[in-house]
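A.B. asks: Fold the following.
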Amino acid sequence: MRTVSSAEAQNHFGELLDNAQREPISITRRGRPVAFVVSSEAYRALSGGVAENTEKMAAYLKAIESFRGQGQGGATERLLADRKADAAREA
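C.D. replies: Numbers count the residues shown, from 1 in each chain. Model (predicted):
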């Protein structure tokens with residue numbers, strides 16, 4: 001992956017777009033990554049995976065909810081709360 005500074009990205013934006021068609025570009029500001037430029041194909045592939053995982057997570061949480069109250073000592077409810085917290089952190 002190629003890395004460029006934000007100033008270089010501004011000064012050579014057309015070239016940056018051309019290069020992003022071949023590989024992702026990391027843009028840094030003060031030495032820290034602040035953005036990535038990817039091709040439209042890569043973006044579609046990435047965003048499609050997120051939607052698929054979100055659907056799987058929703059089905060998983062629904063299955064856990066259907067068992068609510070069937071565990072001993074509220075274990076199922078704690079598990080459900082933990083899974084929702086994990087999902088929120090990933091989002």
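
A.B. asks: and the helix or strand harbouring Ala81, what does it pack onto?
C.D. replies: Assessed by DSSP states H and E, Ala81 sits inside helix 75-90. Packing contacts for helix 75-90, counted by 3 or more C-beta pairs under 8 Å, 6 or more residues apart in numbering; DSSP states H and E, involve helix 40-66. Heads up, the C-betas are built off the backbone N, CA and C, glycines and all.

A.B. asks: got the angle for the helix it packs on vs helix 75-90?
C.D. replies: 160 degrees (axes from the mean of the first three to the mean of the last three C-alpha atoms, to 10 degrees).

A.B. asks: where does helix 40-66 sit relative to the chain's centre, distance-wise?
C.D. replies: 10 Å (C-alpha atoms, centre = their mean, to the nearest Å).

A.B. asks: same for that helix, what does it pack against?
C.D. replies: Checked by 3+ C-beta pairs under 8 Å, 6+ apart, helix 40-66 has helix 75-90 packed alongside it.

A.B. asks: circling back: for the record, mean pLDDT for the helix holding Ala81?
C.D. replies: Taken as a whole, helix 75-90 has a mean pLDDT of 80.

A.B. asks: Domain parsing of the chain, as residue ranges.
C.D. replies: 2-38, 42-90 (automatic domain parsing).

A.B. asks: gap between the two ends of the last one?
C.D. replies: It stands for domain 42-90. Chord length of domain 42-90, first to last residue, is 20 Å (C-alpha to C-alpha, to the nearest Å).

A.B. asks: ditto for the first one
C.D. replies: With C-alpha to C-alpha applied, domain 2-38 spans 11 Å between its terminal residues.

A.B. asks: which phi and psi does Gly31 have?
C.D. replies: Main-chain dihedrals, Gly31, degrees, to the nearest 10: phi 80, psi 0.

A.B. asks: Tell me, how many residues neighbour it?
C.D. replies: 7 (other C-beta atoms under 10 Å).

A.B. asks: ok, it to Ala20 distance?
C.D. replies: Note on Gly31: its distance to Ala20, by C-beta to C-beta, to the nearest Å, is 21 Å.

A.B. asks: who does the helix or strand that contains Gly14 touch, helix- and strand-wise?
C.D. replies: Under DSSP H and E, the secondary-structure element containing Gly14 is helix 13-20. The helices and strands touching helix 13-20, judged by 3+ C-beta pairs under 8 Å, 6+ apart, are strand 32-37.

A.B. asks: Done for today, thanks.
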